[in-house]
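Visitor: Got a predicted structure here, sequence first:
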Amino acid sequence: MATVNIPQKLVRDAIDIANEQFSARRIRVENEFKLPMTGDEIYDLTFGRWYNGMMSMPTEFFHWSSELTLSGVGNQSCNLILLLSAKKPFPSNFPDQPTFRRMPMCGQPSRIRLSSDDQWQSLEDALRTKAMALVEIESQRQTFTDTLRTLLSKHTTLASALKEWPPLWDYLSDEIKQRHSAPTVRNKKVVTDAGPKPEVNTATLTALATLNKITL
């Protein structure tokens, strides 16, 4: 194999490839997330008992929408757009009267935030589980990229870095792979010992790289 010095561009490209893998995992968590309640169920529990009251009011006090935007439940924030089976009325500027003071207000585009209570506990738990999964992925991403940087910084050649951690090959750009695979003849250089090299936990790199592959 050819001997390729480790330039900063190679390091950046390797980190970018790793970040793309972790981003794909985050997107998958987002796409596969499902609330335990539908938009219609949330609407009925939130505004259902006020429906007749809204229908008796002038139209300027509410608006119609086929979507409900949930901005959070309790201390769990989100930004989920839930489809409704049909357009439904949402209060937006009801008069300050005792009859309507307990009604949850919302503005365009039909955005609401639910309180933390037993009625919405399943929603809050689901959002918390999702948030924890995303935090864990971010923690793993940071660990992986920091360890990968350490690995690349301790080697003067790509060949030696690959010898210590062969899966590094998967984090190289196509251009670098082609250059590294091509036979070449170079004068042997004398490398000055820069002192002790940092320890690299290649087992952690391997575990996280494998996890990325099986969860994509």
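Guide: That came in fine, so what should we check first?
Visitor: Strands of the chain, start to end?
Guide: 62-73, 76-91, 111-114 (DSSP state E).
Visitor: in the protein, which residue is closest to the centre?
Guide: Taking Cα atoms, centre = their mean as the criterion, residue 26 is the residue nearest the geometric centre of the chain, at 3.5 Å.
Visitor: For that one, which non-adjacent residue is closest in space?
Guide: Excluding its sequence neighbours, the residue lying closest to residue 26 (Cβ to Cβ, 6 or more residues apart in numbering) is residue 137, at 5.5 Å. C-beta: built from backbone N, CA, C; applies to glycine.
Visitor: Equivalent analysis for residue 51, please.
Guide: Per Cβ to Cβ, 6+ apart, closest to residue 51 is residue 89, 7.2 Å.
Visitor: got the CA positions of the lowest-mean-pLDDT helix or strand in the chain in CSV?
Guide: Ranked by mean pLDDT, DSSP states H and E, the weakest helix or strand in the chain is helix 51-55, scoring a mean of 80. The C-alpha trace of helix 51-55 is given here as CSV (Å, rounded to 0.1, in the frame of the first residue of the first chain):
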residue,chain,number,x,y,z
TYR,A,51,-67.0,22.6,20.7
ASN,A,52,-70.6,23.8,21.1
GLY,A,53,-69.4,27.0,22.7
MET,A,54,-67.1,27.7,19.8
MET,A,55,-69.9,27.1,17.3
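Visitor: show me where pLDDT drops low in the protein?
Guide: 1-5, 93-109, 182-197, 216 (pLDDT under 70).
Visitor: Can you report how many residues lie near the residue nearest to residue 51?
Guide: When neighbours are defined as other Cβ atoms under 10 Å, residue 89 has 20 of them.
Visitor: Am I right that it is in contact with residue 54?
Guide: Yes. With contacts counted by Cβ atoms under 8 Å, residue 89 reaches residue 54, the gap being 4.7 Å.
Visitor: who touches both of those two?
Guide: Residues touching both residue 89 and residue 54 (Cβ atoms under 8 Å, 6 or more residues apart in numbering) are 47, 62.
Visitor: Would you confirm that residue 84 contacts residue 39?
Guide: Yes. Checked against Cβ under 8 Å, the pair residue 84 and residue 39 is within contact range at 4.9 Å.
Visitor: quick one, domains of this protein?
Guide: 8-31+127-215, 35-116 (automatic domain parsing).
Visitor: Which parts of stretch 58-68 count as buried, going by neighbours?
Guide: 61-63, 65, 68 (16 or more other Cβ atoms under 10 Å).
Visitor: neighbouring contacts of stretch 64-74?
Guide: By Cβ under 8 Å, 6+ apart, stretch 64-74 touches 35, 39, 42-43, 77-84, 86-90, 109-116, 120, 123-124, 127.
Visitor: For residue 177, give me its contacts.
Guide: residue 169.
Visitor: could we number from 59 for the rest of this?
Guide: Understood, numbering begins at 59; the last thing we discussed is residue 235.
Visitor: residues near residue 183, how many?
Guide: 14.
Visitor: Distance of it relative to residue 130?
Guide: Relative to residue 130, residue 183 is positioned 13 Å away (Cβ to Cβ, to the nearest Å).
Visitor: circling back to that earlier point, now the strands of the chain as JSON lines including distance to residue 66?
Guide: Output for the strands of the chain, formatted as JSON lines (distance: least, Cβ to Cβ, whole Å):
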{"stretch": "strand 120-131", "distance to residue 66": "41"}
{"stretch": "strand 134-149", "distance to residue 66": "37"}
{"stretch": "strand 169-172", "distance to residue 66": "45"}
